[in-house]
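> model the structure of this input:
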Amino acid sequence: MIGRSAFYTVPSVEDRYFQRDQPAGVPPLPLTGERTLPDVPAENYWFRRHLAVYEWIAARVGGKRVLDMACGEGYGSDLLAGAAASVVGVDANPEAHEHARLRYVRPNLRFERGLVETFAEPCDAVVFLQTIEHVEDAGAILDHFRSMLEEGGVAYVSTPNLLTLAPPGAEKSENPWHLREYRAAEFGQLCREHFGRVELLGLFHARKLRAHELALRLGWDGVHKRLGLSKPFYDRFTPAIAASDFALRPGNLDAALDFIAVCRP
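Residues are numbered from 1 along each chain as shown. Below you'll find the predicted structure:
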């Protein structure tokens, strides 16, 4: 599985990567494994995997008031603000908040430092991506999101698939920031316990990532290792990955990379 080999690393404190080429006056953030970042070539697979979902949501929130909860570096809030009437990016981390505030400036975008459990503002859509696996009381947070939604509102919640992130048979991946990881049925049940209508979709590899996935099944890993090509290949391949190399759709959710729940009260 691609997520457990070529593209999955959590740098140690001694070997952190920092963002490159930030605008003047914007402090670069270190890659710690807690959140994904743009402008880190080695992290590009994970950044584009997140970005693909943000792009899908952005196409559905035109003219709406959006809360991007646990927004991290802020790139997703900025993307949503290109379509939405207004976006508030909320994150508790002081470094991430300051970075986002300085880097992404739009008249309809603001960033607030706050906890997802307590920050409250009426909205038409809540976005909460790749974070529910980090929290202790997921149900309480979903109830909180529901309470903020105006009539006709929707919450978009995503999380990685335990079955394709963790080693076979394990109950959790090695990511130290994750408290619980979900199978499709578990995540669907969690969301349906707190929302009246839930549609569950999966994120899958597409285009060149799908071709790479098929090559791995045919033994490509073994070939490039024997030829000493692993590092040169992935040094070129990983930065070239685009959001369009992922596809969001229904289907065999047990094989999905991530789950995306579209939740309505």
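
> following the stretch of helix or strand R236 belongs to, which helix or strand comes up?
Using DSSP states H and E, R236 sits in helix 230-237. As assigned by DSSP H and E, the chain's next helix or strand after helix 230-237 is strand 246-249.

> can I get that next one in PDB? Just the C-alpha atoms.
C-alpha atoms of strand 246-249 as PDB (Å, rounded to 0.1, in the frame of the first residue of the first chain):
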ATOM      1  CA  PHE A 246      -7.000  11.500  -6.500                       C
ATOM      2  CA  ALA A 247     -10.700  10.900  -7.100                       C
ATOM      3  CA  LEU A 248     -13.600  11.200  -4.600                       C
ATOM      4  CA  ARG A 249     -16.500   8.800  -5.200                       C
END
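
> tell me what it is packed against?
helix 44-58, strand 197-205 (3 or more Cβ pairs under 8 Å, 6 or more residues apart in numbering; DSSP states H and E). For glycine as for every other residue, the C-beta is placed from the backbone atoms N, C-alpha and C.

> tell me what the last one is packed against?
Here strand 197-205 touches helix 44-58, helix 184-192, helix 207-217, strand 246-249, strand 258-264, going by 3+ Cβ pairs under 8 Å, 6+ apart.

> mean pLDDT for the ones you listed: which is lowest?
Mean pLDDT is lowest for helix 207-217 among these, at a mean of 90.

> how about stretch 103-114: buried residues?
Burial within stretch 103-114, assessed by neighbour count using 16 or more other Cβ atoms under 10 Å, is assigned to 103-104, 109-111, 113-114.

> could you tell me the end-to-end distance of it?
By Cα to Cα, to the nearest Å, the extent of stretch 103-114 from end to end equals 18 Å.

> show me the contact partners of it.
Here stretch 103-114 makes contact (Cβ atoms under 8 Å, 6 or more residues apart in numbering) with 22-23, 26, 71, 73-75, 77-78, 81, 84-92, 94, 97, 100-101, 119.

> could you pull up the mean pLDDT of that stretch?
98.

> also stretch 121-136?
Mean predicted lDDT for stretch 121-136 stands at 97.

> okay, buried residues for that stretch please.
123-135.

> over to stretch 77-90?
77-81, 83-84, 86-90.

> greatest separation within these: which pair is it?
With distances taken as Cβ to Cβ, the most widely separated pair in the buried residues of stretch 77-90 is A83 and V90, at 18.5 Å.

> the buried residues of stretch 77-90 in helices, which ones?
77-81 (DSSP state H).

> and which of those is nearest G33?
Closest to G33, out of all of those and judged by Cβ to Cβ, is S77, at 20.9 Å.

> which residue packs closest to that closest one, ignoring adjacent ones?
G89 (3.4 Å; Cβ to Cβ, 6 or more residues apart in numbering).

> my read is that that neighbour contacts A70, right?
No. Using Cβ atoms under 8 Å, G89 is not in contact with A70; the gap is 9.1 Å.

> what about F204, how many neighbours?
Neighbourhood size, F204 [other Cβ atoms under 10 Å]: 20.

> what bridges to D258?
Taking DSSP bridges as the rule, D258 bridges to P160, L203.

> how close does it get to V157?
For D258, the distance to V157 equals 11 Å [Cβ to Cβ, to the nearest Å].

> of those two, which one has the most company?
Between D258 and V157, V157 has the larger neighbour count (other Cβ under 10 Å), namely 28 against 24.
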